[in-house]
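# mind folding the following:
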Amino acid sequence: MPASEESLPFFVYGTLRSGGRNHAAHLAGRCAEIRPAVLEGAALHEGPGFPYAVPDPAPGRRILGELVTVRPGAYAGALAALDRLEDCRTDGTGLYVRRRMAVRTAAGELREAWVYLAGPRAEARLRERPALIESGDWGATGGRVG
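Numbers count the residues shown, from 1 in each chain. Predicted coordinates:
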């Protein structure tokens with residue numbers, strides 16, 4: 001498996017969180033573990049029915065979500081399904097880009113994970129016209145239901 005496809009857990013913060021419509025469609029039955037986690041140094045923005053994560057060094061910026069570890073036998077299928085869902089393209093021009101980043105679990109442990117960040121066009125739009133979710137928790141907005 002190429003280094004870019006290393007079997008890391010996924011940090012999910014929107015519709016892929018437990019109880020979200022895309023969790024049920026793409027992750028249910030594939031998970032070995034789901035733990036609360038935080039991505040620091042990023043801001044959460046509202047999208048049309050789903051959120052975007054955008055790197056943001058402003059003090060206190062963080063996104064609340066879950067660290068999802070996929071069972072080894074289900075990993076390749078989950079990775080392909082999530083890349084398709086997020087329109088993550090190998091040339092970096094998709095709706096989202098997948099990046100390896102450090103997240104902190106509720107127990108305080110730092111873990112490397114795949115994070116889907118806003119792609120270049122979405123990021124540029126959000127930097128120009130922010131749609132910031134101050135709490136960093138899309139679930140608290142009622143967004144992850146449905």
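# chain center to the lowest-mean-pLDDT helix or strand in the chain: distance?
Within the chain, no helix or strand scores below helix 21-26, which has a mean of 93 by mean pLDDT, DSSP states H and E. Chain-centre distance of helix 21-26: 13 Å, with CA atoms, centre = their mean, to the nearest Å.
# can you check which helix is longest in this structure?
helix 75-85 (DSSP state H).
# pLDDT (mean, whole number) over that one?
The average pLDDT for helix 75-85 rounds to 96.
# same for that helix, what does it pack against?
helix 21-26 (3 or more CB pairs under 8 Å, 6 or more residues apart in numbering; DSSP states H and E). Every residue, glycine included, has its C-beta placed from N, CA and C.
# would you mark the buried spots in the helix it packs on?
Of the residues in helix 21-26, Asn22, His23, His26 count as buried by neighbour count, 16 or more other CB atoms under 10 Å.
# give me every residue that touches the second one.
Okay, so that is His23. With contacts defined as CB atoms under 8 Å, 6 or more residues apart in numbering, His23 is in contact with Val12, Thr15, Leu16, Arg17.
# now Arg35
The neighbours of Arg35, taking CB under 8 Å, 6+ apart as the test, are Glu66, Leu67, Thr105, Ala106, Ala107.
# the first one contacts Thr15, correct?
Read that as Glu66. No. Judged on CB atoms under 8 Å, Glu66 makes no contact with Thr15 at a distance of 11.9 Å.
# neighbour count winner among the two?
Each of Glu66 and Thr15 has its neighbours counted (other CB atoms under 10 Å); Glu66 has more, 25 against 22.
# thought Arg99 was touching Glu112?
No. With contact defined as CB under 8 Å, Arg99 does not count as touching Glu112 (10.6 Å).
# phi, psi of Tyr13?
Backbone torsions for Tyr13, taken as degrees, to the nearest 10, come to phi -140, psi 0.
# so it touches Thr141, yeah?
No. Counting by CB under 8 Å, Tyr13 stays clear of Thr141, with 11.5 Å between them.
# which one's more surrounded, those two?
Using other CB under 10 Å as the criterion, Tyr13 and Thr141 rank with Tyr13 on top: 29 against 13.
# residues contacting the more buried one?
If you count contacts by CB under 8 Å, 6+ apart, Tyr13 has them with Leu39, Leu44, Pro51, Ala53, Ile63, Leu64, Gly65, Glu66, Trp138.
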